[in-house]
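In: Sharing a model prediction with you, sequence too.
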Amino acid sequence: MQASGWIQLILYVVALVLITKPMGLWLLQVLDADGRTWFDPVLKPLERLTYRLMGVDARKEHDWKQYTLAMLLFSMVSLLFTYAILRLQHLLPLNPQGLGPLSEHLAFNTAASFTSNTNWQSYGGESTMSYFSQMVALVIHNFVSAAVGIAIAAALVRGIARHSAKTIGNFWVDLVRVTYYLLLPICLVYAVFLVSQGMIQNFKPYTHAKLVEPYKTSVAKTDDKGQPVLDKDGKPVMEDQTVEEQLIVQGPMASQIAMKMLGTNGGGYVNANAAHPFENPTPLSNFIQMLSIFSIGSGLTYYLGRMVKNQRHGWAVWTAMTILFLAGVLLCWWAEAKGNSIHHKLGVAAADGNMEGKEVRFGIFNSALFATITTDASCGAVNSMHDSFTGLGGFVPLFNIELGEVIFGGVGAGLYGMLVFVVLAVFIAGLMVGRTPEYLGKRIESYEVKMAMLALLILAISILGFAAWASVSQWGLAGLNNTGPHGLSEILYAYSSGTGNNGSAFAGLTANAPWYDTTLGLAMLIGRFIMIIPILAIAGSLAHKKIAPASAGTFPVSGGTFVILLIGTVLLIGALNFVPALTLGPIVEHFQTLQGKLY
């Protein structure tokens, strides 16, 4: 754990603090239907035209049921739109490589993934997706799925802030304004910055580079449709191949990566994701990409404080998130810097730490920091391979996801996930002191607690249920690259990532198979949309309630006591739900590694 790492960590936290208030103030204007912005002269006519084309009355707000229905209908239509493009990409333009259509199960998995803001990829982007599919099917989802998450967070905050109201906003207005006034302007500047760092942005065909020294390798055999051929045990059939040239990827990358990071999407243009020098060319691009992952989630905590007229509460939520973030970074960094005890016994230099699966240009600290950030948020972008982390190093990103990714979290999703824990925290506090639980002047009653617990149970049932099924099924075991606890971690991470809408993976798992693609696709839809329904129900219930003035017995939702209670609630519920499974995976792997055993 070198001094350079500590300096970078301090710089990162300082930069995050500095952008939180400006982002929060901008969100206040964007998420107000009548809010005024610098872009009104250019974008206001486009906004009005969009409403007319959609047949939307921007002045009419929705109750929580109407808001939910609009969100679900929009997401279903966009999922079908994406599925159609992926199945028909061989007939569509901007396909200079002549790439064929995706299989039914892979197209479903990918459409569900990008619709739900998960961006899990059971494919290598450069060998599967045409330019048209990348730009139209995937990048559009990067914008609108992020906008949906921010809209849901805004609806919940309105429900908390409003007094005896029946409505929580207009979904279509929130969707349009977030896309036009927040995501598009920032990404335009962001993409230009990435190009300045060396990221490609073109429509050229891939470059064929002749190798000076051809080599032989073993690759998975494929059929006429490009699908892997499996043996009787369900494992890919391998064949020898002589490689004489290398294809260097080209295409419109910077425009996708900007939104990939800002919208916590994470889906890489290429298979190596942010470890690829085209997707992440310089140390500066690496730092800004990490900062952009947290930027909107951090700003939303300031937005919360302003909306409920209690800025200290917004900063208290931010502080709880930051403490959990720093704890994860330090544990992951320590575990990876310490390295593999088996290597130490063999005389491998301990000072280098565990460099397996990491880019030398980023090193231990930036790999650990990136892994923690991307799994605190529901981003899923990676600049190292989590499958190669040590037992405890891999525990951190896995546990981050299973906490619900509420540590800043995905755009919008982090805030509304953390507010579920806030509801539970004030309920517990009320029980401990023998008073009716209140949150910002509103009573927390059985309905809100039931909805909060339902949201968390959906997360746990999906993750543990699908993981248990895969771990005892032939199709589930066939995709493993490792046995023992590490193999269990691969399966558990996959369904945690899918349900948690993260998208990163323990990359040893071969998931592009019918059962994995289908079950992971279902997990993504459950984790995104089924979980949102009880959260919007909480928003509707709280909006109806009157705000009572604070009294001497009111539990303060700011200050150290609240922060500790909130952190304890997050960790306690996460521990109760998932630690038994984690004990059988990364934790037991850590102790067995100390004994010299690998899988």
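Out: The structure has been received and is ready for your questions. Keep in mind that this is a model prediction, so the values were computed, not measured.
In: Can I get the longest strand anywhere in the chain as CSV, trimmed to CA atoms?
Out: Secondary structure of the chain per DSSP state E: the longest strand is strand 207-220. The C-alpha coordinates for strand 207-220 follow below in CSV (Å, rounded to 0.1, in the frame of the first residue of the first chain):
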residue,chain,number,x,y,z
THR,A,207,-7.5,-2.9,-39.3
HIS,A,208,-5.8,-6.2,-40.4
ALA,A,209,-2.3,-6.3,-38.9
LYS,A,210,0.1,-9.0,-40.1
LEU,A,211,2.0,-10.7,-37.3
VAL,A,212,5.8,-10.8,-37.4
GLU,A,213,5.7,-14.1,-35.5
PRO,A,214,2.5,-16.3,-36.1
TYR,A,215,1.6,-18.5,-33.2
LYS,A,216,-0.7,-21.5,-32.5
THR,A,217,-3.5,-21.3,-30.0
SER,A,218,-6.6,-23.4,-28.9
VAL,A,219,-10.0,-21.8,-29.5
ALA,A,220,-13.6,-22.9,-29.1
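In: who touches that strand?
Out: For strand 207-220, contacts defined as Cβ atoms under 8 Å, 6 or more residues apart in numbering pick out 228-229, 236-248, 250. C-beta coordinates here come from the backbone N, C-alpha and C atoms, glycine included.
In: Please name every helix or strand in contact with the helix or strand that that strand is followed by.
Out: Using DSSP states H and E, the next helix or strand after strand 207-220 towards the C-terminus is strand 238-248. When contacts are defined as 3 or more Cβ pairs under 8 Å, 6 or more residues apart in numbering; DSSP states H and E, strand 238-248 packs onto strand 207-220.
In: Between strand 238-248 and the strand it packs on, find me the angle.
Out: Counting by axes from the mean of the first three to the mean of the last three Cα atoms, to 10 degrees, strand 207-220 points 160 degrees away from the direction of strand 238-248.
In: strands paired with strand 207-220, and their directions?
Out: strand 238-248 (antiparallel) (DSSP bridges).
In: Just the buried residues of the strand it pairs with, please?
Out: For strand 238-248, a neighbour-count test (16 or more other Cβ atoms under 10 Å) marks nothing as buried.
In: all numbers from here: first residue = 31
Out: Understood, numbering begins at 31; the last thing we discussed is strand 268-278.
In: what's in contact with whichever helix or strand comes after that strand?
Out: Downstream of strand 268-278, the first helix or strand assigned by DSSP H and E is helix 284-292. The contact list for helix 284-292, computed with Cβ under 8 Å, 6+ apart, reads 149, 164-165, 168-169, 172-173, 176, 213, 216-217, 220-222, 224-225, 229-231, 295-299, 309, 319, 322-323, 325-326, 409, 411, 441.
In: now stretch 54-74
Out: Contacts with stretch 54-74, where a contact means Cβ under 8 Å, 6+ apart, come from 88-89, 180, 184, 199-200, 203-204, 207-208, 210-212, 215, 326, 329-333, 335-337, 344.
In: of those residues, buried ones?
Out: Burial by neighbour count, 16+ other Cβ under 10 Å: within those this picks out 88, 180, 184, 199-200, 203-204, 207-208, 210-212, 215, 326, 329-333, 335-337, 344.
In: pLDDT score for the residue nearest to Thr312 when sequence neighbours are not counted?
Out: Nearest residue to Thr312, sequence neighbours excluded (Cβ to Cβ, 6 or more residues apart in numbering): Gln227, at 4.9 Å. Here the pLDDT value assigned to Gln227 is 94.
In: Can you give me the separation between Gln227 and Met320?
Out: According to Cβ to Cβ, to the nearest Å, Gln227 and Met320 sit 14 Å apart.
In: give me the low-pLDDT residue ranges for the stretch 381-530 of the chain?
Out: Along the stretch 381-530 of the chain, segments meeting pLDDT under 70 span 381.
In: redo that, cut-off 80
Out: 381-382, 463-464 (pLDDT under 80).
In: which residues in it form strands?
Out: Per DSSP state E, counting those that start in this stretch, the stretch 381-530 of the chain carries strands over the ranges 468-469, 472-473.
In: Report all helices and strands that the first one contacts.
Out: Using 3+ Cβ pairs under 8 Å, 6+ apart as the contact criterion, the elements in contact with strand 468-469 are helix 443-463.
In: chain center to the helix it packs on: distance?
Out: 22 Å (Cα atoms, centre = their mean, to the nearest Å).
In: Packing partners of that helix?
Out: Helices and strands touching helix 443-463, by 3+ Cβ pairs under 8 Å, 6+ apart, are helix 170-191, helix 313-337, helix 341-368, strand 468-469, helix 476-501, helix 561-574, helix 590-612.
In: In that helix, which residues are buried?
Out: Buried, per 16+ other Cβ under 10 Å, within helix 443-463: 443-457, 459-460.
In: tilt between that helix and helix 313-337?
Out: Using the same axes, to 10 degrees, the inter-axis angle of helix 443-463 relative to helix 313-337 is 50 degrees.
In: Send over helix 443-463 as PDB, restricted to the C-alpha atoms.
Out: Below are the C-alpha coordinates for helix 443-463, written out as PDB (Å, rounded to 0.1, in the frame of the first residue of the first chain):
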ATOM      1  CA  ALA A 443     -30.700   3.400  -8.300                       C
ATOM      2  CA  GLY A 444     -28.100   4.100  -5.600                       C
ATOM      3  CA  LEU A 445     -30.200   6.800  -4.000                       C
ATOM      4  CA  TYR A 446     -33.500   5.000  -4.100                       C
ATOM      5  CA  GLY A 447     -31.800   1.800  -2.800                       C
ATOM      6  CA  MET A 448     -30.200   3.700   0.100                       C
ATOM      7  CA  LEU A 449     -33.500   5.400   0.900                       C
ATOM      8  CA  VAL A 450     -35.000   1.900   1.400                       C
ATOM      9  CA  PHE A 451     -32.400   1.300   4.100                       C
ATOM     10  CA  VAL A 452     -33.100   4.800   5.500                       C
ATOM     11  CA  VAL A 453     -36.800   3.800   6.000                       C
ATOM     12  CA  LEU A 454     -35.700   0.600   7.800                       C
ATOM     13  CA  ALA A 455     -33.100   2.500   9.900                       C
ATOM     14  CA  VAL A 456     -35.600   5.100  11.200                       C
ATOM     15  CA  PHE A 457     -38.100   2.300  11.800                       C
ATOM     16  CA  ILE A 458     -35.600   0.400  13.900                       C
ATOM     17  CA  ALA A 459     -34.700   3.600  15.700                       C
ATOM     18  CA  GLY A 460     -38.400   4.200  16.500                       C
ATOM     19  CA  LEU A 461     -38.700   0.700  17.900                       C
ATOM     20  CA  MET A 462     -35.600   1.100  20.100                       C
ATOM     21  CA  VAL A 463     -36.900   4.300  21.800                       C
END
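In: which residues sit in contact with the residue lying closest to Ile556 once chain neighbours are set aside?
Out: Distances taken as Cβ to Cβ, 6+ apart put Ser492 closest to Ile556, at 4.7 Å, once the chain neighbours are dropped. Ser492 makes contact with Tyr525, Thr529, Ala553, Ile556, Gly557, according to Cβ under 8 Å, 6+ apart.
In: quick one: contacts for the residue nearest to the second one when sequence neighbours are not counted?
Out: Closest residue to Thr529 in three dimensions, ignoring its sequence neighbours and counting by Cβ to Cβ, 6+ apart: Gly557, at 3.6 Å. Going by Cβ under 8 Å, 6+ apart, Gly557 touches Ser146, Thr148, Ile488, Leu489, Ser492, Gly528, Thr529, Gly530, Asn531.
In: Please apply the same query to Trp345.
Out: Neighbouring residues of Trp345 by Cβ under 8 Å, 6+ apart: Thr331, Tyr332, Gly335, Ser588.
In: how about 7 Å then?
Out: Shown in contact with Trp345 (Cβ atoms under 7 Å, 6 or more residues apart in numbering): Gly335.
In: Same check on Ala524?
Out: By Cβ under 7 Å, 6+ apart, the contact list for Ala524 reads Ala535, Leu539, Ala541, Leu550.
In: Most neighbours of all those residues, which one?
Out: In terms of neighbours by other Cβ atoms under 10 Å, the contacts of Ala524 top out with Leu550 at 28 neighbours.
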